[in-house]
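>>> below is the structure, and that's it, no one-letter string:
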């Protein structure tokens, strides 16, 4: 039992470490800056290998943008400024977290809208079923 | 009663929902077939090209700036000797170099100048001028993320069009030539 638990813990630890990042030693001033860098680049898309983040990718492109982002951080630019700089060049596609814009309304509100519509349909159907027994009897035998 | 009256229509509700789902999937599939997700539209279209100052490939002691190229429209073709798709594109550029009607400027992207010079010597040089950007830092300002890419820049330095991926005779006939002709008409009036 204990061994099983240890094994489960190990498996869990391994899934955590899957959240890997590419290795290139950037001379951060302190750990806080390093964490901020990792947090920021994790939310940015590598345009060359689109399912990887800038943090995780080993592509040359990602390496170069990491360098640029690192430089901008040394210049004291905020996360917002760095993201704006990237969006001006590579469009909002580079952000994994899409901003609320006319083109993303369906993305942001589509799922809740479908969920609410589905909920309304379920409620209407349930109400109909719980109506007087007479109407149920009427409906029986014709069940879709 | 009204439940009875509603029944025939209600019978089709699942079918309609199913048909809607199928329609969604079909649209999604067709969209994926016809749109390559790797080709991200540039936010720089109809915006001024970034300022740059890059050495000439043939003579790195001489620099070319954005201002040097103002006054007439031109094509900026991002290529590299390490880029396979650029090799695919190359014969098309050789064939069209004099048919574009405007200068074709090469942009050697993240490439060792001597490699690019050797590559152009071996395959032929379709360019009227080649800029060299070994670090690729200026290319970031253009939003370059994969060669080959081709920009159409007008006489005022505004990016009018960008094509990602190799130029083909079809792309040139359908996308590029109409835009070049429009720019030339603009310029002559």
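Everything's here; your move. Please read all numbers here as calculations on a predicted model, not as lab measurements.
>>> just the strands in chain B please.
Under the criterion DSSP state E, chain B carries strands at the ranges B:53-55, B:63-65, B:74-79, B:104-109, B:129-133, B:149-153, B:159-164.
>>> what mean pLDDT does the helix or strand that residue A:10 is a member of get?
Following DSSP states H and E, one finds residue A:10 within helix A:2-17. In this model, helix A:2-17 has a mean pLDDT of 69.
>>> so which of the strands of chain B gets nearest residue A:5?
Checking the strands of chain B against residue A:5 by Cβ to Cβ gives strand B:159-164 as the closest, at 51.4 Å. Using the backbone N, CA and C atoms, a C-beta is placed for each residue, glycine as well.
>>> and that closest one, how far from the chain's centre?
Taking the mean of its C-alpha atoms, strand B:159-164 sits 5 Å from the chain's own mean (Cα atoms, centre = their mean, to the nearest Å).
>>> who's in contact with residue A:95?
Contacts for residue A:95 were tallied using Cβ atoms under 8 Å, 6 or more residues apart in numbering or on different chains; they are A:43, A:44, A:45, A:83, A:86, A:87.
>>> partners of it in the sheet?
Residue A:95 has these beta-bridge partners by DSSP bridges: residue A:44.
>>> rewinding a little: now render the contacts of residue A:95 as TSV, adding pLDDT and neighbour count.
Listed next are the contacts of residue A:95 as TSV, based on pLDDT from 0 to 100; neighbours: other Cβ atoms under 10 Å in any protein chain shown:
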residue	pLDDT	neighbour count
A:43	91	15
A:44	93	24
A:45	92	21
A:83	95	20
A:86	95	23
A:87	93	16
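>>> pick the one among the residues you listed closest to residue B:88.
Nearest member of the contacts of residue A:95 to residue B:88, counting by Cβ to Cβ, is residue A:45, at 26.0 Å.
>>> and whatever helix or strand residue A:63 lives in, what's buried?
If you go by DSSP H and E, residue A:63 is part of helix A:60-74. Within helix A:60-74, the residues that count as buried by 16 or more other Cβ atoms under 10 Å in any protein chain shown are A:61, A:62, A:64, A:65, A:66, A:69, A:70, A:72, A:73.
>>> who are the packing partners of it?
Applying 3 or more Cβ pairs under 8 Å, 6 or more residues apart in numbering or on different chains; DSSP states H and E, one finds that helix A:60-74 makes contact with helix A:31-42, helix A:79-90, helix B:137-141.
>>> which pLDDT does the model give residue B:185?
Predicted confidence (pLDDT) for residue B:185: 88.
>>> below-threshold pLDDT in chain A: ranges please.
Within chain A, the ranges that satisfy pLDDT under 70 run A:1, A:12-24, A:131-144.
>>> domains in it, by residue range?
Following automatic domain parsing, one gets these domains for chain A: A:2-99, A:100-144.
>>> now do chain B
According to automatic domain parsing, the ranges for chain B are B:2-34, B:53-188.
>>> mean confidence score for the shortest one?
For domain B:2-34, the mean per-residue pLDDT is 83.
>>> run the chain-centre distance for that domain.
Worked out by Cα atoms, centre = their mean, domain B:2-34 lies 39 Å from the chain centre.
>>> picking up where we left off before, most packed of the domains of chain A?
Among the domains of chain A, domain A:2-99 has the highest mean neighbour count (mean count of other Cβ atoms under 10 Å in any protein chain shown), at a mean of 14.
>>> and stretch B:152-166, what's buried?
Going by neighbour count (16+ other Cβ under 10 Å), the buried part of stretch B:152-166 is B:152-155, B:157-166.
>>> just checking: which of these also lie near chain A?
The subset of those within reach of chain A, by Cβ under 8 Å from any Cβ of the partner chain, is empty.
>>> can I get those in TSV with pLDDT?
Supplementary listing: the buried residues of stretch B:152-166 in TSV, determined by pLDDT from 0 to 100:
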residue	pLDDT
B:152	96
B:153	96
B:154	94
B:155	94
B:157	94
B:158	95
B:159	96
B:160	95
B:161	95
B:162	95
B:163	94
B:164	92
B:165	91
B:166	94
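>>> and which of these is nearest to chain A?
Among the buried residues of stretch B:152-166, residue B:164 lies closest to chain A (Cβ to the nearest Cβ), at 10.2 Å.
>>> list the residues that contact that closest one.
Each residue near residue B:164 by Cβ under 8 Å, 6+ apart is listed here: B:38, B:39, B:40, B:146, B:149.
>>> and these, which of them are buried?
Buried subset of those (neighbour count, 16+ other Cβ under 10 Å): B:40, B:146, B:149.
>>> and of the contacts of residue B:164, the nearest to chain A?
Checking the contacts of residue B:164 one by one against chain A (Cβ to the nearest Cβ), the nearest turns out to be residue B:40, at 4.6 Å.
>>> relative to residue A:108, how far out is the closest one?
From residue B:40 over to residue A:108 the distance is 20 Å, taken as Cβ to Cβ, to the nearest Å.
>>> quick one: contacts for residue B:112?
Per Cβ under 8 Å, 6+ apart, neighbours of residue B:112: B:81, B:134.
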